[in-house]
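the sequence and its predicted three-dimensional model are supplied below.
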Amino acid sequence: LYTQSLLGTKHLIEDYCTEIADAVRHLAALDQDVISFEEKYDFFHRASLCFGRSALMLSGGGSLGHFHLGVIKALMEHDLVPHVLSGSSAGSMVSAIYGTRSRAEMEDYVDVDSLVAEFSAEAGELKRMRKGSVNYSTEEVRAALERLIPNLTFQEAYDRTGCYINISVAPAELHQTSRLLNAITAPNVLVRDAVLASCAVPGVFPPVALHAKDASGKVRDYLPGRRWIDGSLSEDFPIKRLSRLYGVNHYIGSMINPILYFSNEHEPGERPDMRARFRQWNFRNISSSLRYANKLAQKYGGNSPRLKLFTNTATAVFSQDYRVDIAVYPNFEQFELRKLIQPIAGEKLLEIFQQGERAAWRRMGMIENCTKISRTLDEVLLATDNRAVKGRPHRPTLNGHLLRAASNDGT
């Protein structure tokens, strides 16, 4: 449908979506003499659960993380940012920046003049941190994050913005499972710590311990003794978990992980050239070899826990599923992928940001059409939930919990 033209020409689809949205609003506006409030409340909640909702997932990708900011800005300008966001590694930082700021604060942050100063400051900080050392220290990165992300828990961030941010972290130990941290699974965990852990690339950052606020507001260790690393190593796109937690069934992916350059045919309907076919063939061979090597390491590497951890992590990285409904991605051939964890000049960061904007514009018509009905249902549910809270006691639901807070600060 979108291979010939990205905008326009889909008039039948657009008319259909508009008609359904108008019908939903018409039902919501009917007097109680026609349909009682209780029937409306039950109907719209059931309809939303059946129809589902969208989520925006931001992948890891080192210094290309500023691409996500451009995507966020473009979607904000059209009021198309979903209330459910996930991020890992660099994507976790951008999702936290968005999910801890009000709409007005975020608009100020992504203003071009502000970004020029911000990117110059970031480039200077990274150069100072890397001077004389091949690794970053946790304290230096934490200090940089304190300037970007307020000291909020996931629940406090949700109460402030109405946005569900989800951050993937991977365990530093073997035989442990990855986690998706958010206001439902880890409401008292500090967002800043989760971002720090999700950005802890092995060999560059040391593993990170998480902290949480207790009932009195004091900061305590969360799962003492456990350490966490880069979330993109195990679950860059937590599709199944988002579906289970929020009823998400439509996924928009901002995809900057360099592994996608080798594994996927991004453009729907476009036939890959010979170079792309060769990259995909190599990727499949490497992935297959890693799976076999991992089996051997787990079976015979009894005295080599580091070998087991390495092969297990490498296999997980190459075995992830990056298929989404709408993919937004950069032109990887413009970047030196081997330098993604090195400092980048402020001018280059602005260029990456603007490329994110342009890439999102290419998908704007598709995103608007595919999310129009679910956005209308969310709009109606927000009104009915607010009325239910004011007018009478009712049994709280996930939809109500999600959408009531989404009205805070107009986000």
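Now that the structure is in, tell me what you want to look at.

rest of the way, CA atoms for contacts and neighbours
Noted.

low-confidence bits of the stretch 51-200 of the chain, can you list those?
Along the stretch 51-200 of the chain, segments meeting pLDDT under 70 span 119-138, 174-175.

for it, which segments count as strands?
For the stretch 51-200 of the chain, the strands defined by DSSP state E, counting those that start in this stretch cover 53-58, 84-87, 164-171, 179-181.

just give me the longest helix of this protein.
helix 346-391 (DSSP state H).

thought Ala90 was touching Phe67?
No: with contact defined as Cα atoms under 8 Å, Ala90 and Phe67 do not form a contacting pair (9.9 Å).

how about the strands of the stretch 51-200 of the chain in CSV, adding mean neighbour count?
Formatted as CSV, the strands of the stretch 51-200 of the chain follow (neighbours: other Cα atoms under 10 Å):
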stretch, mean neighbour count
strand 53-58, 26
strand 84-87, 27
strand 164-171, 29
strand 179-181, 21
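
out of those strands, nearest to Ala359?
strand 53-58 (13.8 Å; Cα to Cα).

buried ones in stretch 37-54?
Using 16 or more other Cα atoms under 10 Å as the test for burial, stretch 37-54 gives 37, 40-41, 44-45, 48, 52-54.

helices and strands around the longest helix of the chain, which ones?
Counting contacts by 3 or more Cα pairs under 8 Å, 6 or more residues apart in numbering; DSSP states H and E, helix 346-391 is packed against helix 11-29, helix 37-51, strand 53-58, helix 66-77, helix 112-130, strand 326-328, helix 398-405.

of all those, which one is nearest Lys295?
Comparing the helices and strands packed on helix 346-391 by Cα to Cα, strand 53-58 comes nearest, at 30.5 Å.

same for that closest one, what does it pack against?
With contacts taken as 3+ Cα pairs under 8 Å, 6+ apart, strand 53-58 sits against strand 84-87, helix 90-99, strand 248-254, helix 346-391.

that older thread, distance to Gln355 for the helices and strands packed on helix 346-391 - can I get that in CSV?
Converted to CSV, these look like this (distance: least, Cα to Cα, whole Å):
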stretch, distance to Gln355
helix 11-29, 27
helix 37-51, 32
strand 53-58, 15
helix 66-77, 7
helix 112-130, 13
strand 326-328, 11
helix 398-405, 31
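
ranking those by burial, who's on top?
Of all those, strand 53-58 has the most neighbours on average by mean count of other Cα atoms under 10 Å, namely a mean of 26.

ok now that one, how far from the chain's centre?
7 Å (Cα atoms, centre = their mean, to the nearest Å).

what about dumping the CA coordinates of it to PDB?
C-alpha atoms of strand 53-58 as PDB (Å, rounded to 0.1, in the frame of the first residue of the first chain):
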ATOM      1  CA  ARG A  53      -3.100   0.000  21.200                       C
ATOM      2  CA  SER A  54       0.300   1.100  19.800                       C
ATOM      3  CA  ALA A  55       3.700   1.300  21.400                       C
ATOM      4  CA  LEU A  56       6.900   3.100  20.300                       C
ATOM      5  CA  MET A  57      10.000   1.100  20.800                       C
ATOM      6  CA  LEU A  58      13.500   2.700  20.700                       C
END
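
quick one: it to strand 248-254, angle?
30 degrees (axes from the mean of the first three to the mean of the last three Cα atoms, to 10 degrees).

contacts for strand 53-58?
Contacts to strand 53-58, defined as Cα atoms under 8 Å, 6 or more residues apart in numbering, come from residues 68, 81-88, 91-92, 94-95, 237, 242, 247-255, 371, 374-375.

okay, and the beta partners of the residue nearest to the spatial centre of the chain?
Compute the mean C-alpha point of the chain, and by Cα atoms, centre = their mean the closest residue is Ser86, 2.6 Å away. For Ser86, the beta-bridge partners are Met57, Asn166 (DSSP bridges).

with Ile326 instead?
Beta-bridge pairing for Ile326 (DSSP bridges): Ile252.

so it sits against Met255, correct?
No: judged on Cα under 8 Å, Ile326 makes no contact with Met255 at a distance of 10.1 Å.

give me the phi and psi angles of Val201.
Dihedral pair for Val201: phi -70, psi 120, per degrees, to the nearest 10.

need the nearest residue in space to it, chain neighbours excluded.
Asp230 (5.1 Å; Cα to Cα, 6 or more residues apart in numbering).

ditto for Gln298
Lys308 (5.9 Å).

the protein - how does it break down into domains?
Here the domain parsing of the chain from automatic domain parsing is 11-260+322-410, 265-321.

dump those domains to JSON lines, plus distance to Ser5.
Converted to JSON lines, these look like this (distance: least, Cα to Cα, whole Å):
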{"stretch": "domain 11-260+322-410", "distance to Ser5": "10"}
{"stretch": "domain 265-321", "distance to Ser5": "12"}
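
find the one among these with the highest mean neighbour count.
By mean count of other Cα under 10 Å, the domains of the chain have domain 11-260+322-410 as the most buried, with a mean of 19.

for it, the distance to its chain's centre please.
Counting by Cα atoms, centre = their mean, domain 11-260+322-410 comes out at 4 Å from the chain centroid.

and the helices in the stretch 151-300 of the chain, which stretches?
Applying DSSP state H, counting those that start in this stretch to the stretch 151-300 of the chain gives helices spanning 154-161, 191-198, 239-246, 259-263, 274-300.

about what we covered before: partners of the residue nearest to Val201 in the sheet?
Val169.

any idea of the mean pLDDT for stretch 360-367?
Throughout stretch 360-367, pLDDT has a mean value of 92.

now do stretch 225-244
89.

can you dump the C-alpha atoms of that stretch in PDB for me?
C-alpha atoms of stretch 225-244 as PDB (Å, rounded to 0.1, in the frame of the first residue of the first chain):
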ATOM      1  CA  GLY A 225      23.800  -8.400  44.900                       C
ATOM      2  CA  ARG A 226      22.400  -8.400  41.400                       C
ATOM      3  CA  ARG A 227      24.100  -6.400  38.700                       C
ATOM      4  CA  TRP A 228      22.600  -5.300  35.300                       C
ATOM      5  CA  ILE A 229      24.000  -4.500  31.800                       C
ATOM      6  CA  ASP A 230      22.900  -3.300  28.400                       C
ATOM      7  CA  GLY A 231      19.300  -4.200  27.800                       C
ATOM      8  CA  SER A 232      19.700  -4.500  24.000                       C
ATOM      9  CA  LEU A 233      21.900  -7.600  24.500                       C
ATOM     10  CA  SER A 234      18.900  -9.700  25.500                       C
ATOM     11  CA  GLU A 235      15.700  -7.800  24.600                       C
ATOM     12  CA  ASP A 236      16.000  -4.800  22.400                       C
ATOM     13  CA  PHE A 237      12.300  -4.900  21.500                       C
ATOM     14  CA  PRO A 238      10.200  -6.400  24.300                       C
ATOM     15  CA  ILE A 239       7.200  -7.100  22.100                       C
ATOM     16  CA  LYS A 240       5.700 -10.000  24.100                       C
ATOM     17  CA  ARG A 241       6.000  -8.200  27.400                       C
ATOM     18  CA  LEU A 242       4.400  -5.000  26.200                       C
ATOM     19  CA  SER A 243       1.600  -7.000  24.800                       C
ATOM     20  CA  ARG A 244       1.000  -8.800  28.100                       C
END
